[in-house]
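Asks: okay, here's the prediction I keep looking at, along with the sequence it came from:
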Amino acid sequence: MADARKRCDRTAAWGQLQERFRSGSASFDLRDAFAQDDGRFARFSQQAPHVFADLSKNLIDAGTEQALMALARECGVEAHRDAMFAGERINNTENRAVKHWLLRAPRDAQDPDSMAVHETLEAMLAYAEHVRADATITDVVNIGIGGSDLGPQMAVAALDAFRIRGKRLHFVSNIDAHELDAVLQQLRPEGTLFLVASKTFTTLETMTNARSARVWFQQQGGNEIARHFAALTTNVEAARQFGITTTFGFWDWVGGRYSLWSAIGLPLAIAIGAQRFSAFLAGAHAMDQHFRREPLERNLPVRLGLLDVWYRDFHGFASRSIAPYHSALRRFPAYLQQLEMESNGKSVDAQGQPLPFATSPVLWGEAGTNGQHAYFQMLHQGTDRVPVEFIAVREPAHGIPGHHELLLANALAQAQALMQGKPDAGGHRNFSGNRPSTFFVLDTLGPESLGALIALHEHRVFTSGSVWGIDSFDQWGVELGKVLASDIAQRLASGDTVGLDGSTAGLLQRLRP
């Protein structure tokens, strides 16, 4: 498919936004905005499926948001979105469709892809229930990396309140064997199931760890590899040669960072069960429908994605901090790092032309209230203004009195303090305020709400990438380091430094055993 989008900097709306920023938005003050508009909270907050969002403490007014909507329309965001849901090959650098949304859609008997998805889903969920019912399996180890690790690890932690008891979930991703060794020391071979997650069954880190896990298993007396290993892969033959007979595949239209909804979600299905995994998919599907059908002005992923463009390219904010005030969401910032920075960390447009404007910000964060005692000092009094995104859950999953009210009070107070500041204190006690934040609220943290929250961010990333005119679904930047690592691995063994730059050669010699 030819990419018919108009790049943002070539639109009339882009110039209008530049003028709007120069003529007043650069000095926008949130405290004045609230003082002058009693309806600001209602205007800049909304309920989407399972997620409420307050955008009112952001550096934006109705006129700016209207101009951003005009930018989205001029860039063809709606048509690009519709092309994705129609199954067109919008990943143009790899000539692939982008259909992760199909993984959570109801079965469509008229669509062969949908039928294949549900056939695999049913088989995977049946296997998950089998593992859950097998009392001899006490430990499940997921071996993957990137999207085959970050998504399931984050989701299993987030939904710990729903996890089956009596089974421990472990995640191994780093090729540094200290991580694998620490997990293996906790295991018994007869009680362990290893899940090897690699679409091609060739990923260096994953296969190195998988082979070492197999060696450990056999050295400890394990002799039923086919029972104690399963693979999440499309390379069935390679898995068979490894000794694995249980495999679940997925498709080339599923990118790694969007694959949690596929067979890559097997650890989550084992943890929470088939019924709750289906609810997880349903929550994401509800957000898909919202993104697909709501007008731009009341479309939460669109509003967030356009706000990201406004902050990155007009205010010049280079990073965004994620502060989930729920310990079970502690891996959510890391998950979002890959989702956004791997998707939109691009310096050329979809046609390969250099971009004259900035794209993805740096994402970083920590669960509250821990973050308050680590980096919030900089957020409040540092020289850079960093937009912060708070995530709060109204109802806790525990019954310990007093804690949750204090947790929520801290989240609300931090957002309030960032905005209001204390500019009249002077000196070291001066807080400039007028620092923006977004506040997300979930009624509960459960399968449906987590699914919706993740899908919300997927579509948000799509929106900003669409405006920037980039391909948000490739990741060529990951490849070069892999190629060079293969060469250097051989040089570490041989000591050959011919052709290397001085620094790499010197470090190689320093690091050789």
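Replies: Everything's here; your move.

Asks: I'd say residue 46 and residue 298 touch.
Replies: Yes. The criterion here is C-beta atoms under 8 Å, and residue 46 meets it with residue 298 at 6.3 Å. Where C-beta positions appear, they are placed from N, C-alpha and C, glycine not excepted.

Asks: these two - which one has more neighbours?
Replies: Neighbour totals were compared for residue 46 and residue 298, and residue 46 leads with 17 against 12 (other C-beta atoms under 10 Å).

Asks: roughly how far does the more buried one sit from residue 299?
Replies: For residue 46, the distance to residue 299 (C-beta to C-beta, to the nearest Å) stands at 9 Å.

Asks: and stretch 185-193, how far apart are its ends?
Replies: Stretch 185-193 has an end-to-end distance of 15 Å (criterion: C-alpha to C-alpha, to the nearest Å).

Asks: now do stretch 218-230
Replies: This stretch, stretch 218-230, spans 16 Å end to end (C-alpha to C-alpha).

Asks: for stretch 55-71, same thing?
Replies: Start and end residues of stretch 55-71 are separated by 19 Å (C-alpha to C-alpha).

Asks: which positions within it qualify as buried?
Replies: Going by neighbour count (16 or more other C-beta atoms under 10 Å), the buried part of stretch 55-71 is 55-61, 64-65, 67-71.

Asks: and which of those is nearest residue 152?
Replies: Checking those against residue 152 with C-beta to C-beta, the nearest one is residue 55 at 30.1 Å.

Asks: spit out the contact partners of the closest residue to residue 511 other than its chain neighbours.
Replies: Leaving aside its chain neighbours, residue 511 sits nearest to residue 492 (7.1 Å; criterion: C-beta to C-beta, 6 or more residues apart in numbering). Applying C-beta atoms under 8 Å, 6 or more residues apart in numbering to residue 492 gives the contacts 508, 511, 512.

Asks: below-threshold pLDDT in the stretch 301-450 of the chain: ranges please.
Replies: Filtered on pLDDT under 70, the stretch 301-450 of the chain yields no residues whatsoever.

Asks: do a quick rundown of the strands in it.
Replies: Under the criterion DSSP state E, counting those that start in this stretch, the stretch 301-450 of the chain contains strands at 319-325, 362-365, 388-393, 437-442.

Asks: any idea of the mean pLDDT in stretch 61-70?
Replies: Stretch 61-70 shows a mean pLDDT of 97.

Asks: what does it rub up against?
Replies: Stretch 61-70 has contacts (C-beta under 8 Å, 6+ apart) with 13, 16-17, 20, 25, 28, 33, 43, 296-297, 302-303, 306-307, 309-310.

Asks: which of the residues you listed count as buried?
Replies: Among those, the ones that count as buried by 16+ other C-beta under 10 Å are 13, 17, 20, 25, 28, 33, 296, 302-303, 306-307, 309-310.

Asks: filter the residues you listed down to the ones in helices?
Replies: Counting by DSSP state H, those place 13, 17, 20, 33, 302, 303, 306, 307, 309, 310 in helices.

Asks: contacting residues around residue 248?
Replies: 120, 123, 124, 127, 230, 231, 232, 233, 263, 266.

Asks: could you do residue 439 as well?
Replies: Counting by C-beta under 8 Å, 6+ apart, residue 439 touches 53, 54, 57, 389, 390, 392, 411, 415.

Asks: and the residue nearest to the fifth one when sequence neighbours are not counted, what are its bridge partners?
Replies: The spatial neighbour of residue 390 that comes closest, neighbours along the chain excluded (C-beta to C-beta, 6+ apart), is residue 439 at 4.7 Å. Each beta-bridge partner of residue 439 is listed here, defined by DSSP bridges: residue 54, residue 390.
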